[in-house]
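Chemist: sequence plus the predicted model coming up.
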Amino acid sequence: MAKTSLDKSKIKILLLEGVHQSAVDTFHNAGYTNIEHLPTSLDEAALIEKIRDVHFVGLRSRTQLNERVFAAAEKLVGVGCFCIGTNQVDLDAALKRGIAVFNAPYSNTRSVAELVLAEAIMLLRGIPLKTARAHEGGWLKSAKNAHEARGKTLGIVGYGNIGAQLSVLAESTGFKVLYYDVVAKLGMGNATQVASLDELLRRADVVSLHVPDVPSTRWMIGEREIATLKPGAIFINASRGSVVEIEPLAEALKAGRLHGAAVDVFPVEPKSNDEEFHSPLRGLENVILTPHIGGSTLEAQENIGVEVAEKLVTYSDNGTTVTSVNFPEVALPAHPERHRLLHIHHNVPGVMSEINRVMSENGINIAGQYLQTNETVGYVVMDVNKAYSQAALEALRKVENTLKVRVLYAP
Ligand SMILES: NC(=O)C1=CN([C@@H]2O[C@H](COP(=O)(O)OP(=O)(O)OC[C@H]3O[C@@H](n4cnc5c(N)ncnc54)[C@H](O)[C@@H]3O)[C@@H](O)[C@H]2O)C=CC1
Ligand SMILES: O=C(O)CCC(=O)C(=O)O
């Protein structure tokens, strides 16, 4: 039999944006040694050049994997987003090439929730202005506009993993919590869901956004919504820069209609730490500006490194796609005595019968077959207990509507 699964040392892994060393260690422990680990993102031209011979790529929020990059990524098998958001990756462009994308939906959620709670308290006390004055030699000792969190209302927009954790932390600090979500959700503690975004904006003293970047959230907070906020409200965005129109927010802060804001994510963010950050919020008093570090704690990054690298290793070694954000999810057992053929194809009628015909005509006995499809792609995994030939593999590759075929040699 031809041994066609790729030797692990030949599987090239590119890790960008300073993904934590724990990811490299996880790959090494699984036998993968061909790893390039870069501290920064790459611009499109450099990425296109580098990704040509890469099998797995890992990135965070800066690297843009668009159609042009995928078109150049001829050998790419899987993408790991070492973060929650996957809006930086064209998931459809990946899917139509049979490339599975994974992320880390939980590991940095606590870090974001902690930061937001701390910012809410700092802003209620007017700390950004007071600390700035003290650094300049001033002394703003005053209780004016300084408030306790106890008894104030926190409004959370998007009650998912981050929103719900923030809710628990905030209640234990003394906030009353309201939340708005497009899905009906059971509140943690005494938190109460409200029927509309407007109701939340009208009632909350502090509003914090925790929604993903999807079409329904694009610019969901604009001039009208900012005008709906309570006079003197505090506004926090650590979700995505595309959710909030920044100009009307800056205007409301300059006019003193809002008491303060904390913003971690921006419509345009510098591509690296060497690039200047531009924003109409720069220089405004009682505004905390942070460089998209909501999830940037050592604890979160270490956990993310392991979580996402393990998902890529499992997909590479075994074919399992559970928790992929774009791919049909298949949970596969180990395949100790059997070779495993993975066939990814356009989900159109007739492909499975063609695959089964090829297998049968080549005398290959299928010991186990696992199939999942989504709207556009089918993913079938076949464990074979009899030697398959190179000719059979070629015939599988030629089945009409095939996107990708991989072989996992019996370990
Ligand atoms: N600043 C940072 O460093 C970080 C930012 N994030 C951002 O935070 C976002 C939220 O993260 P998680 O809580 O883990 O996500 P999640 O998926 O657990 O929760 C998102 C919630 O938003 C709700 N939602 C979706 N569309 C909505 C709409 N139009 N109106 C109201 N609610 C809507 C969903 O139903 C869900 O409950 C991520 O998608 C990511 O963009 C995540 C981690 C770090
Ligand atoms: O840590 C990062 O690079 C991005 C964090 C983030 O925004 C996310 O996890 O969605």
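Modeler: Now that the structure is in, tell me what you want to look at. Numbering: from 1, shown residues only. Ligands and ions are numbered 1, 2, ... in the order given.

Chemist: the stretch 251-400 of the chain: helices as residue ranges?
Modeler: For the stretch 251-400 of the chain, the helices defined by DSSP state H, counting those that start in this stretch cover 298-318, 351-361, 390-398.

Chemist: count of residues packed around the residue of the chain found nearest ligand 1?
Modeler: Residue of the chain nearest ligand 1, by CB to the nearest ligand atom: G160 (1.7 Å). All C-beta spots, glycine's among them, are computed from the backbone N, C-alpha and C. Applying other CB atoms under 10 Å, we find 17 residues neighbouring G160.

Chemist: in stretch 62-71, what's buried?
Modeler: With burial defined by 16 or more other CB atoms under 10 Å, the residues of stretch 62-71 counted as buried are R62, T63, Q64, L65, V69, F70.

Chemist: re earlier: ligand 2: which of the helices of the stretch 251-400 of the chain is closest?
Modeler: With CB to the nearest ligand atom as the criterion, ligand 2 lies closest to helix 298-318 of the helices of the stretch 251-400 of the chain, at 7.3 Å.

Chemist: OK, contacts around L154?
Modeler: 120, 166-167, 170, 175-178, 204-208 (CB atoms under 8 Å, 6 or more residues apart in numbering).

Chemist: wait, a helix at it?
Modeler: No: under DSSP: H, G, I helix; E, B strand; the rest coil, L154 falls outside any helix and is assigned strand.

Chemist: D181 against Q193, yeah?
Modeler: Yes: the criterion here is CB atoms under 8 Å, and D181 meets it with Q193 at 6.8 Å.

Chemist: residue ranges with poor pLDDT in the stretch 301-411 of the chain?
Modeler: 386-388 (pLDDT under 70).

Chemist: columns distance to ligand 2 and secondary structure on top of the buried residues of stretch 62-71, output as CSV?
Modeler: Formatted as CSV, those follow (distance: CB to the nearest ligand atom, whole Å; DSSP: H, G, I helix; E, B strand; the rest coil):
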residue, distance to ligand 2, secondary structure
R62, 7, coil
T63, 9, coil
Q64, 13, coil
L65, 14, strand
V69, 18, helix
F70, 20, helix
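
Chemist: ok, the residues you listed vs L342, which is closest?
Modeler: Closest approach to L342 among the buried residues of stretch 62-71 (CB to CB): F70, at 19.0 Å.

Chemist: and A120, how many neighbours?
Modeler: 26.

Chemist: can I assume it sits in a helix?
Modeler: Yes: per three-state DSSP, A120 lies within a helix segment.

Chemist: burial of T402, as a residue count?
Modeler: Other residues close to T402 by other CB under 10 Å number 17.

Chemist: and it, its phi and psi?
Modeler: Main-chain dihedrals, T402, degrees, to the nearest 10: phi -70, psi 140.

Chemist: show me the contacts for it.
Modeler: By CB under 8 Å, 6+ apart, T402 lies in contact with H343, I344, H345, V351, L396.

Chemist: the residue of the chain closest to ligand 1 and H210 touch, don't they?
Modeler: Yes: using CB under 8 Å, G160 makes contact with H210 at a distance of 6.4 Å.

Chemist: what is the burial count for the residue lying closest to G222 once chain neighbours are set aside?
Modeler: Excluding the flanking residues, the one nearest G222 by CB to CB, 6 or more residues apart in numbering is E245, at 4.4 Å. E245 is flanked by 18 other residues according to other CB under 10 Å.

Chemist: and for A46, the neighbour number?
Modeler: 12.

Chemist: host element of it?
Modeler: Element membership for A46, per DSSP states H and E: helix 44-51.

Chemist: contacts for stretch 336-355?
Modeler: For stretch 336-355, the external contacting residues (CB under 8 Å, 6+ apart) are 1, 5, 98, 318-319, 332, 367-368, 371, 373-385, 388, 393, 396, 399-411.

Chemist: what subset of the residues you listed is also close to ligand 1?
Modeler: For ligand 1, no contacts are drawn from the contacts of stretch 336-355 by CB under 6 Å from any ligand atom.

Chemist: tell me how far the helix or strand bottoming out on mean pLDDT in the chain is from the chain's mean position?
Modeler: Counting by mean pLDDT, DSSP states H and E, the chain has its least confident helix or strand at helix 390-398, which shows a mean of 90. Once both centres are worked out by CA atoms, centre = their mean, to the nearest Å, helix 390-398 turns out to sit 36 Å from its chain's centre.

Chemist: tell me which parts of this structure are close to ligand 2?
Modeler: Looking at ligand 2, the residues of the chain close enough under CB under 6 Å from any ligand atom are R60, S61, C83, I84, G85, N108, G295, S296.

Chemist: related to what we said a few turns ago, turn the buried residues of stretch 62-71 into CSV, including pLDDT and distance to ligand 1.
Modeler: As requested, the buried residues of stretch 62-71 are exported to CSV (pLDDT from 0 to 100; distance: CB to the nearest ligand atom, whole Å):
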residue, pLDDT, distance to ligand 1
R62, 93, 11
T63, 96, 15
Q64, 96, 15
L65, 98, 16
V69, 98, 21
F70, 98, 21
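
Chemist: let me have the residues you listed in TSV, extended by distance to K50.
Modeler: Compiled in TSV, those are given as follows (distance: CB to CB, whole Å):
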residue	distance to K50
R62	15
T63	11
Q64	14
L65	12
V69	10
F70	14
